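# here is a sequence together with a model predicted from it:
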Amino acid sequence: MDEKFSANRKESSVQTPGQERITGSLKTDMAYLNGILDADANFDIIYRVVEIGGKEACMYLVDGFCKDDMAQKLLQYFMDMKPEDMPEDMHGLSKQFTPYVEVDIENDCDTLINSLLSGMFLLLIEGYDKALVLDTRTYPARGVDEPEKDKVLRGSKDGFVETVVSNTALIRRRIRSSDLHMEMMSAGNSSHTDIVLCYMKGRADRVFLEEIKRKISEIQVDALSMNQESLAECLYQRKWYNPFPKFKYTERPDTAAAQVLEGNIVILVDNSPSAMILPTTIFDVVEEADDYYFPPITGTYLRVTRFLISLLTYLLTPTFLLFVSNSQWIPDSFAFIMLKEEPNIPVIWQFLILELAIDGLKLAAINTPNMLSTPLSVMAALVLGEFSVKSGWFSSEVMLYMAFVAIANYTQANYELGYALKFLRIMNLLLTQWFGLWGYLGGILISLLAIGCNRTVSHHSYIYPLIPFDWKNLKNRLIRRRLPGALKDSEK
């Protein structure tokens, strides 16, 4: 058997070009597959020639993607088959003699190669013009722990992982309805990245759903190298200069399930531990899970507080700069907000330098080893806090307001919204410095236009239900209300 196996490996090293389907000749089919896969050079592409029911056969798998114990049991079962047990075609083998659940047959070579590289088990048998495909794959994955980014004070503590099948199971666990549909697609000429569309039949906008399917099927890229961001840029190519987020991302299965039940579409991309929610308005972006894990009055307070703090992060520093430039507008009772000492560096430059420095600290914190994070944080607080003020580089009032802005940015979890407010804040600072009050008002007007003129992926208003006005939905967006429901008559 070993000599035959070695001989077959040498014979199969010659590629047969242009083959599209399985021919039934094992030698020809192996030559084509091994040539395409370069199986003799890739150590993790494993193939083995065996004898099944008196016929030569070959199994293919990718090392690390296939369950070893399951592959061993299947191979042992097939090798124990006798010639009289062999059916006439692969359909009979898959339906009557394959002791496994997820079984399919395929004769298209491109589909087989894609299935193999996705981690499936292939079996080719001499005389059969189709191959047996068994989904015995398993991917390296971490546990479904609570995500670091989307934490809540109360609620479930599980989160999405990098394996798309585990993510679909987390949503399916929460929605036990036959109306929940999960359609698999793929994109990327080289990566063939798995993309899953999750939606509720009868609730999702059918026209918008078909449009998303069409866009995904028409994507012409080599690979979705940045996973969801690559997909988002392919789906929405208009107005890239508008910084407000067109998609909402979440790492929480409960949030994704709630959005699906509301009629939105959730997109899961393999190798990405988060879900894309679309369409998304500005009101969807500022919502968080904590709004619904507390009673209505507490949830409303948290929602309003988050909104007001986000508004302050945008207005605080431009307003202070405007008052510094026009000190005569400040009442005597608020004179304490003014600079106590004449600044060595213009206030506008202090704000711009600190805006850059805060992002530098964020990047440094991401790349700092955990064992060094505490001492470096203390050193950064001393050097950039107390010493920078004493040295005359920054005014204490400027440091105070920028510290508030830096901390307040974390009151909402959406990074894209935080950076959108940051870019508009810097623009407003510059306009205020150059044109005074008119520049300040012009910056606010540009920011309102950036929000109001933005469109969702579904081509609807980004600020619905404000425009077009819908008081009932707007009230639900601003105020956390009781969830609809009633007791059964017997329990009332």
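Arrived safely, thanks for sending. Numbering: from 1, shown residues only.

# CA only for contacts and neighbour counts going forward, please
Will do.

# Three-state assignment for residue 162, please.
Each residue gets one of three states, and residue 162 gets coil by DSSP: H, G, I helix; E, B strand; the rest coil.

# contacts for stretch 200-217 next, please.
179-181, 185-187, 235, 260-265, 458 (C-alpha atoms under 8 Å, 6 or more residues apart in numbering).

# looking at those, which is nearest residue 329?
Closest to residue 329 out of the contacts of stretch 200-217 is residue 458 (45.5 Å), distances taken as C-alpha to C-alpha.

# measure that closest one to residue 154 for me?
Distance, residue 458 to residue 154, by C-alpha to C-alpha, to the nearest Å: 33 Å.

# name the residue in the two with the higher neighbour count.
Using other C-alpha atoms under 10 Å, the more surrounded residue of residue 458 and residue 154 is residue 458, with 18 against 11.

# that one falls within a strand, correct?
No - with three-state DSSP as the criterion, residue 458 is located in coil rather than a strand.

# state the distance from the closest residue to residue 79 other than its chain neighbours to residue 262.
In this structure, residue 79 finds its nearest non-sequential neighbour in residue 52, 4.8 Å apart by C-alpha to C-alpha, 6 or more residues apart in numbering. Look at residue 52 and residue 262: by C-alpha to C-alpha, they are 52 Å apart.

# higher neighbour count, these two?
Comparing residue 52 with residue 262 by neighbour count (other C-alpha under 10 Å), the higher total belongs to residue 52, at 22 against 13.

# who's that one bridged to?
residue 55 (DSSP bridges).

# surely residue 47 is in a strand?
Yes - remark: residue 47 belongs to a strand, assigned using three-state DSSP.

# what sits against residue 266?
Shown in contact with residue 266 (C-alpha under 8 Å, 6+ apart): 197-199, 256, 259-260, 275-278.

# what do you get for residue 242?
450, 454.

# pLDDT at it, what is it?
Looking at residue 242, its pLDDT reads 85.

# ditto for residue 77
87.

# then residue 233?
With respect to pLDDT, residue 233 scores 86.

# list phi and psi for it.
Dihedral pair for residue 233: phi -70, psi -30, per degrees, to the nearest 10.

# what of residue 58?
Torsion angles, degrees, to the nearest 10, at residue 58: phi -140, psi 130.

# same thing with the one 10 residues further on?
Backbone geometry at residue 68, expressed as degrees, to the nearest 10, gives phi -60, psi -50.

# what about it, neighbour count?
By other C-alpha under 10 Å, 15 other residues sit near residue 68.

# looking at it now. What's its pLDDT?
With respect to pLDDT, residue 68 has a value of 75.

# could you shift the numbering so residue one becomes 38, and keep it that way?
Yes, from this point I'll number from 38; that puts the last item at residue 105.

# contact partners for it?
Shown in contact with residue 105 (C-alpha under 8 Å, 6+ apart): no residues.

# residues touching the closest residue to residue 493 other than its chain neighbours, list them.
Using C-alpha to C-alpha, 6+ apart and skipping the chain neighbours, the partner closest in space to residue 493 is residue 499 (5.4 Å). By C-alpha under 8 Å, 6+ apart, residue 499 lies in contact with 317-319, 488-493.
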